[in-house]
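[1] need a 3D model of the sequence below.
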Amino acid sequence: MQATTTGAAQDALTARALGPSDYKTLSLAALGGALEFYDFVIFVFFAPAIGQLFFPQSIPDWLRQLQTFGIFAAGYLARPLGGIVMAHFGDLLGRKRMFTLSVLMMSVPTLLMGLLPTYASIGLLAPVLLLIMRLLQGAAVGGEVPGAWVFVSEHVPPRHIGYACGTLTAGLTAGILLGSLVASGVNRHFAAADIAAYAWRLPFLLGGVFGLISVYLRRWLHETPVFAELKQRKTLAAEIPLKAVLRDHGRAVVVSMLLTWMLSAAIVVVILMTPTLLQKQFHIPAATALLANGLATLCLSIGCVVAGSIAGRFGARRTLFFGGIALAVSYYVMFQQVAFDPSKLLPLYALTGFLVGTIGVVPFVMVKAFPAVVRFSGISFSYNVAYAVFGGLTPIVVSLMLKWGAQAPALYVGVVCLIGMGTAVFIKDFE
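    Okay, the predicted model is just below:
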């Protein structure tokens, strides 16, 4: 009788449509994710000014640039550790606590970065403090991304998990677009001397303040029903969650890491590296390349929602397979056509950006791959470690491949898409 009642309740939950509380959860989660990603990426848009202000004027420009981007990269290195630690407590103490802590850990360092004294004021302590702030940012985003996916997926009915994960991922990518728009606005309205003097601080202060507002708004979110039930039934992890993940869910970890490789290649190469590649290889004006990139990023956010919705209805395997083919072909065609006719850049890049939205399916697969009791730890470990490795190596590999031809970026994306499509074959048990 009890089993029948439980089954009926589960069927009712599955059939339930999204309600006002679901949309509130999705909206607040996506907003917080967008602001947190904005805080994480805004650094790179002002790297030249930061390099001039936080390192000695006497060192060569190449060394100053190397040290500045080294501090930027340190945030990526901190992601796995921060994500694993926060996921550990998220599986044991609750999703909501870590979900709120992650945005707080991002907002405060971002705000402080906008207030830091420069090298001229405190010497070597300036870059040290900047590095500490960047490490805290990395730890925060390492917990935010998997935590957000787990949080929204455990709130909505099962048949809407694909849509929820896609919407949340769209919010994260919108943070990149927001950072680009704010940076463009600052550079348009302030002279170079004013940016170096004080205006570079404004985007950090803005991100910190809005992040703190997001912390306040997340107070109105509730713990996920899935975790609440685990706690009520006293079925939380009886050991270190990551230990159980590595011992019992190796296949899910491998699948999640390979799909994260596809995700990182799509974001790093197609969205982050392509504007520079277009300028260097095809002599596209910087303003045109950045405009096209902004349009592609906007289409990416839309594509994430569409892909997640399709995966929820028709399955992740089909969506990843056909989306991977379309992305690889589209990016290759874009490189081919732009070399002969740069006027086609905007529509081709917009289409490619939309197809990058296929990555919105990846969190849907990972949520399904791990049981609730270790879900946060499983996703966090797989995603953050894979992103740190592949996201860090991708620019280096693509740069080396460019020695053999201008089509190297498209070739790399195509190969990784093939790996993602092959991996899709092994996710049938997770759907």
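[2] just give me the neighbour total for Gln336.
    Per other Cβ atoms under 10 Å, the neighbour tally for Gln336 reads 14. (Each C-beta comes from the backbone N, C-alpha and C, glycine too.)
[3] output the below-cut-off pLDDT ranges for the chain.
    1-16, 234-235, 237-238, 428-431 (pLDDT under 70).
[4] what's the longest helix in it?
    helix 61-93 (DSSP state H).
[5] so which bits of that one are buried?
    Buried residues in helix 61-93, counting neighbours by 16 or more other Cβ atoms under 10 Å, are found at 64, 67-68, 71-76, 78-92.
[6] following element in sequence after it, please.
    Following helix 61-93 in sequence order, the next helix or strand is helix 95-113 (DSSP states H and E).
[7] just the CA trace of that following helix, in PDB.
    Extracted C-alpha coordinates of helix 95-113, given in PDB (Å, rounded to 0.1, in the frame of the first residue of the first chain):
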ATOM      1  CA  ARG A  95      21.800  22.800  -1.300                       C
ATOM      2  CA  LYS A  96      20.500  26.200  -0.300                       C
ATOM      3  CA  ARG A  97      23.200  27.000   2.200                       C
ATOM      4  CA  MET A  98      26.000  26.400  -0.300                       C
ATOM      5  CA  PHE A  99      24.000  28.100  -3.100                       C
ATOM      6  CA  THR A 100      23.800  31.300  -1.100                       C
ATOM      7  CA  LEU A 101      27.400  31.000   0.200                       C
ATOM      8  CA  SER A 102      28.800  30.700  -3.400                       C
ATOM      9  CA  VAL A 103      27.300  34.000  -4.500                       C
ATOM     10  CA  LEU A 104      28.400  35.700  -1.300                       C
ATOM     11  CA  MET A 105      32.000  34.400  -1.800                       C
ATOM     12  CA  MET A 106      31.900  35.900  -5.300                       C
ATOM     13  CA  SER A 107      30.400  39.200  -4.400                       C
ATOM     14  CA  VAL A 108      32.600  40.200  -1.600                       C
ATOM     15  CA  PRO A 109      36.000  39.700  -3.400                       C
ATOM     16  CA  THR A 110      34.600  41.400  -6.500                       C
ATOM     17  CA  LEU A 111      33.600  44.400  -4.400                       C
ATOM     18  CA  LEU A 112      37.000  44.400  -2.700                       C
ATOM     19  CA  MET A 113      38.900  44.200  -6.000                       C
END
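[8] chain center to that helix, what's the gap?
    16 Å (Cα atoms, centre = their mean, to the nearest Å).
[9] what's it packed up against?
    helix 20-45, helix 61-93, helix 125-153, helix 201-217 (3 or more Cβ pairs under 8 Å, 6 or more residues apart in numbering; DSSP states H and E).
[10] reformat the ones you listed as JSON lines; add distance to Thr394.
    Putting these into JSON lines (distance: least, Cβ to Cβ, whole Å) gives the following:
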{"stretch": "helix 20-45", "distance to Thr394": "15"}
{"stretch": "helix 61-93", "distance to Thr394": "11"}
{"stretch": "helix 125-153", "distance to Thr394": "17"}
{"stretch": "helix 201-217", "distance to Thr394": "26"}
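[11] among the ones you listed, which is nearest Tyr349?
    helix 20-45 (19.0 Å; Cβ to Cβ).
[12] which SSE is immediately downstream of the closest one?
    helix 47-54.
[13] that following helix to helix 95-113, inter-axis angle?
    60 degrees (axes from the mean of the first three to the mean of the last three Cα atoms, to 10 degrees).
[14] helix 47-54 packs against which elements?
    helix 61-93, helix 119-122, helix 125-153.
[15] just checking, what packs against the longest one?
    When contacts are defined as 3+ Cβ pairs under 8 Å, 6+ apart, helix 61-93 sits against helix 20-45, helix 47-54, helix 95-113, helix 125-153, helix 241-248, helix 375-401.
[16] and of the ones you listed, who's closest to Leu212?
    Smallest distance to Leu212 across the helices and strands packed on helix 61-93 (Cβ to Cβ): 4.9 Å, for helix 95-113.
[17] in the closest one, what's buried?
    By 16+ other Cβ under 10 Å, the buried positions in helix 95-113 come out as 95-96, 98-103, 105-113.
[18] re the thing from before, nearest to Ser343, of the helices and strands packed on helix 95-113?
    helix 20-45 (27.2 Å).
[19] so which of the helices and strands packed on helix 95-113 comes closest to Lys344?
    helix 20-45 (27.0 Å).
[20] for stretch 114-127, measure first residue to last.
    This stretch, stretch 114-127, spans 13 Å end to end (Cα to Cα, to the nearest Å).
[21] report the separation between the residue lying closest to Gln52 once chain neighbours are set aside and Leu206.
    Distances taken as Cβ to Cβ, 6 or more residues apart in numbering put Ala196 closest to Gln52, at 6.3 Å, once the chain neighbours are dropped. Here the criterion is Cβ to Cβ, to the nearest Å. By it, Ala196 lies 18 Å from Leu206.
[22] for Gln337, same thing?
    In terms of Cβ to Cβ, Gln337 sits 38 Å off from Leu206.
[23] who has more neighbours, the two?
    Leu206 (19 against 15).
[24] identify the residues contacting the most centrally placed residue in the chain.
    Per Cα atoms, centre = their mean, the C-alpha nearest to the average position across the chain is that of Leu172, at 5.6 Å. Neighbour list for Leu172: Ala30, Gly33, Ala34, Glu36, Phe37, Val145, Ala148 [criterion: Cβ atoms under 8 Å, 6 or more residues apart in numbering].
[25] which one of those is nearest Leu124?
    Leu124 lies nearest to Glu36 out of the contacts of Leu172, by Cβ to Cβ, at 29.3 Å.
[26] what about Phe17, how many residues nearby?
    Careful, residue 17 is Ala and not Phe. Neighbour tally, Ala17, other Cβ under 10 Å: 8.
[27] the closest residue to it other than its chain neighbours: neighbour count?
    The shortest distance from Ala17 to any non-neighbouring residue, by Cβ to Cβ, 6+ apart, is to Pro157 (7.5 Å). By other Cβ under 10 Å, the residues close to Pro157 number 17.
[28] cool, Ala386 as well?
    When neighbours are counted by other Cβ under 10 Å, Ala386 comes out with 22.
[29] with that, I have no additional questions.
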